[in-house]
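quick one, what's the 3D model for this:
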Amino acid sequence: MSADHAHSFAAADALEETAAPAGGGAPAARARSDEVLLSVENVSLGFGGVKALTDVSFDIRKGEIRAIIGPNGAGKTSMLNCINGFYHPTEGRITFKGQTRPKMRPHEAAAGGIARTFQNVALFKGMSTLDNIMTGRSLKMRTNVFWQLVRFGPATREEVEHRRKVEDIIDFLQIQHIRKTPVGKLPYGLQKRVELGRALAMEPELLLLDEPMAGMNLEEKEDMSRFILDVNQEFGTTIALIEHDMGVVMDLSDRVVVLEYGRKIADGTPDEVKANQAVIDAYLGVPH
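Numbers count the residues shown, from 1 in each chain. Have a look, this model is predicted:
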């Protein structure tokens, strides 16, 4: 097994000990279900002569944490882009809550209950933490543009209601001390937490996390792991995440799907995937 992944597995125990809810105490039981929230069926995606995904099938069950792993270039982010409507599969179909929408766009996915964070932080750097998270409420606002511009009447009442929900998210993520700070001045780990807050402000049923631990030190990873577990346990949010840190993947996930060169090579529980020889050869490294 490669040194990096061996270290990640060694860190799994440490993460498990610290992955309790932020308020302390033992982790609550996860709301697992056999109900399929999202189904990926024989999805292929191509760009000219390049195949990003080839005949990939898996599902995401309501209430679970589902990991998507694989080496660089495996097609993981392309898959998330298909799920949230940024890309449209050239073959196959994706069904969410029993409905298949072959040409679903990102704003339609967001309105339907799918929120997303990105591998590279995509925040408004000149805006405060509070205002960045408020942008996640835009699809929830019902007053027209005129009332929002004049900030009078129903628009004011609606903004107060949405601001209250945003303040609850700020408290949940323990970022009260940076609520008025421009996010461009924040360290990277806190920026990732703000981005998570913006996604949570959309009140998603399915939360897509693209490398939420990228660029973080161990302490920041432990904090983010706790918040991900809390989102899943306390809000009941179903989560699909891409992550390279195998300690995080094995500790947080209920099930793991593994991609290589755009094809699925394994799917199962963390223990099943960790012991799969095809996964060891392709991604985790051959033990010596």
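
so where is the stretch 1-150 of the chain shaky, pLDDT-wise?
1-33, 140-150 (pLDDT under 70).

that one: helices as residue ranges?
3-18, 76-83, 106-112, 129-134, 145-150 (DSSP state H, counting those that start in this stretch).

next one: the helix or strand encompassing Ile170 to chain centre, how far?
Using DSSP states H and E, Ile170 falls within helix 154-172. Averaging C-alpha positions (Cα atoms, centre = their mean, to the nearest Å) puts helix 154-172 23 Å from its chain's average.

rounded mean pLDDT for it, please.
Averaging pLDDT along helix 154-172 gives 81.

average pLDDT across stretch 218-230?
94.

and it, what's buried?
Buried residues in stretch 218-230, counted by 16 or more other Cβ atoms under 10 Å: Glu220, Lys221, Glu222, Asp223, Met224, Ser225, Arg226, Phe227, Ile228, Leu229, Asp230. For glycine as for every other residue, the C-beta is placed from the backbone atoms N, C-alpha and C.

want to throw the residues you listed into JSON lines with distance to Lys185 and secondary structure?
Converted to JSON lines, the buried residues of stretch 218-230 look like this (distance: Cβ to Cβ, whole Å; DSSP: H, G, I helix; E, B strand; the rest coil):
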{"residue": "Glu220", "distance to Lys185": "17", "secondary structure": "helix"}
{"residue": "Lys221", "distance to Lys185": "22", "secondary structure": "helix"}
{"residue": "Glu222", "distance to Lys185": "24", "secondary structure": "helix"}
{"residue": "Asp223", "distance to Lys185": "19", "secondary structure": "helix"}
{"residue": "Met224", "distance to Lys185": "20", "secondary structure": "helix"}
{"residue": "Ser225", "distance to Lys185": "25", "secondary structure": "helix"}
{"residue": "Arg226", "distance to Lys185": "24", "secondary structure": "helix"}
{"residue": "Phe227", "distance to Lys185": "21", "secondary structure": "helix"}
{"residue": "Ile228", "distance to Lys185": "25", "secondary structure": "helix"}
{"residue": "Leu229", "distance to Lys185": "28", "secondary structure": "helix"}
{"residue": "Asp230", "distance to Lys185": "26", "secondary structure": "helix"}
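
save those residues as TSV, and put in distance to Ile83 too.
Shown next, in TSV, are the buried residues of stretch 218-230 (distance: Cβ to Cβ, whole Å):
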residue	distance to Ile83
Glu220	26
Lys221	24
Glu222	28
Asp223	26
Met224	21
Ser225	22
Arg226	25
Phe227	22
Ile228	18
Leu229	22
Asp230	23
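
looking at those residues, which is nearest Gln119?
Met224 (14.2 Å; Cβ to Cβ).

quick one: the closest one and Pro212 touch, right?
Yes: between Met224 and Pro212 there is a contact under Cβ atoms under 8 Å: 5.7 Å.

what residues are shared contacts of these two?
Common neighbours of Met224 and Pro212 (criterion: Cβ atoms under 8 Å, 6 or more residues apart in numbering): Lys192, Leu196.

between the buried residues of stretch 218-230, which is closest to Phe58?
Nearest to Phe58 among those, with distances taken as Cβ to Cβ, is Ile228, at 19.8 Å.

tell me how far that closest one lies from Val40.
According to Cβ to Cβ, to the nearest Å, Ile228 and Val40 sit 21 Å apart.

try Thr129
Thr129 is 34 Å from Val40, where distance means Cβ to Cβ.

the more surrounded of those two?
Using other Cβ atoms under 10 Å as the criterion, Thr129 and Val40 rank with Thr129 on top: 27 against 21.

hang on, that one packs against Arg179?
Yes: contact between Thr129 and Arg179 holds when scored by Cβ under 8 Å: they sit 5.1 Å apart.

shared neighbours, the two?
Common neighbours of Thr129 and Arg179 (Cβ under 8 Å, 6+ apart) are Ile170.

hmm, back to that, state the mean pLDDT of the helix or strand that the helix holding Ile170 is followed by.
Using DSSP H and E, the helix or strand that follows helix 154-172 in sequence is helix 188-200. Regarding helix 188-200, the rounded mean pLDDT is 93.

quick one: helix 188-200 to chain centroid distance?
For helix 188-200, the distance to the chain centre is 11 Å (Cα atoms, centre = their mean).

just the CA atoms of the very next helix or strand once past that helix, as PDB, please.
Next along the chain after helix 188-200, taking DSSP H and E as the criterion, comes strand 206-210. Only the C-alpha atoms of strand 206-210 are listed here, as PDB (Å, rounded to 0.1, in the frame of the first residue of the first chain):
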ATOM      1  CA  LEU A 206     -28.800  15.700  -1.400                       C
ATOM      2  CA  LEU A 207     -25.500  17.500  -0.600                       C
ATOM      3  CA  LEU A 208     -22.600  17.000  -3.000                       C
ATOM      4  CA  LEU A 209     -19.200  17.700  -1.500                       C
ATOM      5  CA  ASP A 210     -16.200  17.800  -3.900                       C
END
